[in-house]
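Engineer: Below are the sequence and a predicted model; questions follow.
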Amino acid sequence: MGDSSQPVWITGIGLLSALGEGTQSHWQAMNKASPDNLDSQRFAPYSVHKLGEVDWAQQISRRDMRQMEPWQQIGTYTAGLALDDADAKEDADLVGRMDMIVAAGGGERDIEVDSAIMADARSANGREALLTERLSNDLRPTLFLAQLSNLLAGNISIVHKVTGSSRTFMGEEGAGISAIKTAHARIASGQSDIVLVGGAFNAEREDMLLLFELGQYLAEGPFQPVWSRSGDSAGVNLGSIGAFLVLESAEHARKRGVTPYAELAAVEVDHGPRDAGAAAGRLTAALSALSDDTPDAILSGASGVEDITTEERDWLNKNLPDTPYRAFGSVTGHGVEAHFPLGIALAAIATRNGSFYDPLEANENATSQKPSNILVTTAGHYRAEGLGLVKPVSQ
């Protein structure tokens, strides 16, 4: 990746999570090393990192909000924050030609319809006929069993007038990694000058918790930070997260006169099958392909799912034994599609502030070194591994 013709700069960041809103809130909260807005009661025995109070009207009109479910609100809001942060939103020509790449899940289901159908099916003689009738009559024809994934990109276009090319990736953590990688590759190759890229995830949903629990991925019982989870406490604590970035070529950013957070030097992703030990091998290959620069700090997107989290930690200790790492999901929760974009954003914030985050739990080492190359990892709870390298810009 070192032969990219165009340096890729991060010039805007929009964040919304349990840690608050915007870059400054996340910088301060990450250094407190305690999870804000952790809800261990509503969905017990599962803990969820929920959003605090959000004034949605700051980015989305009430009229537009009426047709959005929470995951779209989160994404549209944080996309607006990123555009504001990049000093781009009021430039109609700029946002009109800005490309957009979104990582999204399958949309939110209608819980009331699902519950009503399941209740009626318990006593129905012909369940297949009941399902056919109810699914035909109870769901709007523009939706299938959930909202369409590209509705988030559509709403961002409507609300913020971002009307360049648009792509939506699906596929859990891998979607977020691929979205960032594609945006980086387009700018590095000269195919795009500026791209809005990111993802959104609403964790406060019974249907999403059910899906994760059916796969036995959720952590149960008293909350534990990521590296400390084992046995019954091993697994994912989901977090509501919106993370969007404005990426642009160095040349384009210089012409606009904007100050970048950092350079996104390279991104690698692998979607191969999750055989025992395979992830470590792919991470090693990705690290070799990533860059000649040695990372001096690591932001890990480890999920807490026992096997893959243990494999990643062993890999970090073997391949980068002296490099301090932080599992940011310990305080933000796990954001699935939005998790890798969040990690890149947190790395860029640390780069701008000239220091790394304090340890988030006892298993992480303190450091006073000013980071010059921050490695961001994300190993999906089920599949997909990705690495990104963030470093200070070379003016």
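Structural biologist: Everything's here; your move. These figures come from a predicted structure and were not determined experimentally.
Engineer: Enumerate every residue touching Gly171.
Structural biologist: 178, 271, 384 (Cβ atoms under 8 Å, 6 or more residues apart in numbering). For glycine as for every other residue, the C-beta is placed from the backbone atoms N, C-alpha and C.
Engineer: Most neighbours among those residues, which one is it?
Structural biologist: Neighbour counts for those (other Cβ atoms under 10 Å) peak at Ala384, which has 24 neighbours.
Engineer: Please tell me how far the residue nearest to it when sequence neighbours are not counted sits from Ile180.
Structural biologist: Nearest residue to Ala384, sequence neighbours excluded (Cβ to Cβ, 6 or more residues apart in numbering): Gly174, at 3.1 Å. From Gly174 across to Ile180, the span is 11 Å (Cβ to Cβ, to the nearest Å).
Engineer: Identify the contacts common to those two.
Structural biologist: Common neighbours of Gly174 and Ile180 (Cβ under 8 Å, 6+ apart) are Gly386.
Engineer: More neighbours: these two, which one.
Structural biologist: With neighbours defined as other Cβ under 10 Å, Gly174 and Ile180 compare such that Ile180 has more, 31 against 24.
Engineer: what's the helix or strand for that one?
Structural biologist: Element membership of Ile180, judged by DSSP states H and E, is helix 172-188.
Engineer: coming back round to it: take the contacts of Gly171 and lay them out in CSV including pLDDT and distance to Gln73.
Structural biologist: Shown next, in CSV, are these (pLDDT from 0 to 100; distance: Cβ to Cβ, whole Å):
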residue, pLDDT, distance to Gln73
Ser178, 97, 24
His271, 90, 29
Ala384, 95, 26
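Engineer: looking at it, Ser303 is touching Tyr382, isn't it?
Structural biologist: No - using Cβ atoms under 8 Å, Ser303 is not in contact with Tyr382, being 9.1 Å away.
Engineer: joint contacts of those two?
Structural biologist: Counting by Cβ under 8 Å, 6+ apart, the contacts common to Ser303 and Tyr382 are Tyr217.
Engineer: ok, those two, which is more surrounded?
Structural biologist: Neighbour totals were compared for Ser303 and Tyr382, and Ser303 leads with 30 against 15 (other Cβ under 10 Å).
Engineer: re the thing from before, using JSON lines, please lay out the contacts of Gly171 together with distance to Glu251.
Structural biologist: Shown next, in JSON lines, are these (distance: Cβ to Cβ, whole Å):
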{"residue": "Ser178", "distance to Glu251": "25"}
{"residue": "His271", "distance to Glu251": "32"}
{"residue": "Ala384", "distance to Glu251": "32"}
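Engineer: Now do the strands for this protein: every range, in order, please.
Structural biologist: With strands called from DSSP state E, the chain shows them at 8-17, 20-21, 38-39, 48-49, 99-103, 166-169, 194-201, 241-249, 262-270, 297-300, 325-327, 374-379, 385-391.
Engineer: Can you add mean neighbour count, mean pLDDT and distance to Ile187 and give those back as JSON lines?
Structural biologist: JSON lines is the format used below for those (neighbours: other Cβ atoms under 10 Å; pLDDT from 0 to 100; distance: least, Cβ to Cβ, whole Å):
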{"stretch": "strand 8-17", "mean neighbour count": "28", "mean pLDDT": "98", "distance to Ile187": "5"}
{"stretch": "strand 20-21", "mean neighbour count": "20", "mean pLDDT": "96", "distance to Ile187": "27"}
{"stretch": "strand 38-39", "mean neighbour count": "16", "mean pLDDT": "94", "distance to Ile187": "37"}
{"stretch": "strand 48-49", "mean neighbour count": "25", "mean pLDDT": "97", "distance to Ile187": "31"}
{"stretch": "strand 99-103", "mean neighbour count": "27", "mean pLDDT": "97", "distance to Ile187": "9"}
{"stretch": "strand 166-169", "mean neighbour count": "19", "mean pLDDT": "95", "distance to Ile187": "14"}
{"stretch": "strand 194-201", "mean neighbour count": "30", "mean pLDDT": "98", "distance to Ile187": "6"}
{"stretch": "strand 241-249", "mean neighbour count": "30", "mean pLDDT": "98", "distance to Ile187": "5"}
{"stretch": "strand 262-270", "mean neighbour count": "23", "mean pLDDT": "95", "distance to Ile187": "9"}
{"stretch": "strand 297-300", "mean neighbour count": "25", "mean pLDDT": "97", "distance to Ile187": "22"}
{"stretch": "strand 325-327", "mean neighbour count": "27", "mean pLDDT": "97", "distance to Ile187": "27"}
{"stretch": "strand 374-379", "mean neighbour count": "28", "mean pLDDT": "97", "distance to Ile187": "18"}
{"stretch": "strand 385-391", "mean neighbour count": "27", "mean pLDDT": "96", "distance to Ile187": "14"}
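Engineer: now those as JSON lines including distance to Asp120?
Structural biologist: Compiled in JSON lines, the strands of the chain are given as follows (distance: least, Cβ to Cβ, whole Å):
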{"stretch": "strand 8-17", "distance to Asp120": "37"}
{"stretch": "strand 20-21", "distance to Asp120": "41"}
{"stretch": "strand 38-39", "distance to Asp120": "31"}
{"stretch": "strand 48-49", "distance to Asp120": "29"}
{"stretch": "strand 99-103", "distance to Asp120": "35"}
{"stretch": "strand 166-169", "distance to Asp120": "34"}
{"stretch": "strand 194-201", "distance to Asp120": "31"}
{"stretch": "strand 241-249", "distance to Asp120": "35"}
{"stretch": "strand 262-270", "distance to Asp120": "43"}
{"stretch": "strand 297-300", "distance to Asp120": "45"}
{"stretch": "strand 325-327", "distance to Asp120": "44"}
{"stretch": "strand 374-379", "distance to Asp120": "41"}
{"stretch": "strand 385-391", "distance to Asp120": "43"}
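Engineer: Which among the ones you listed is found nearest to Ser288?
Structural biologist: Taking Cβ to Cβ, strand 262-270 is the member of the strands of the chain nearest to Ser288, at 9.2 Å.
Engineer: I'd like the distance from the closest one to the chain centre, please.
Structural biologist: Averaging C-alpha positions (Cα atoms, centre = their mean, to the nearest Å) puts strand 262-270 15 Å from its chain's average.
Engineer: ok now the helix holding Ile180, how far from the chain's centre?
Structural biologist: 11 Å.
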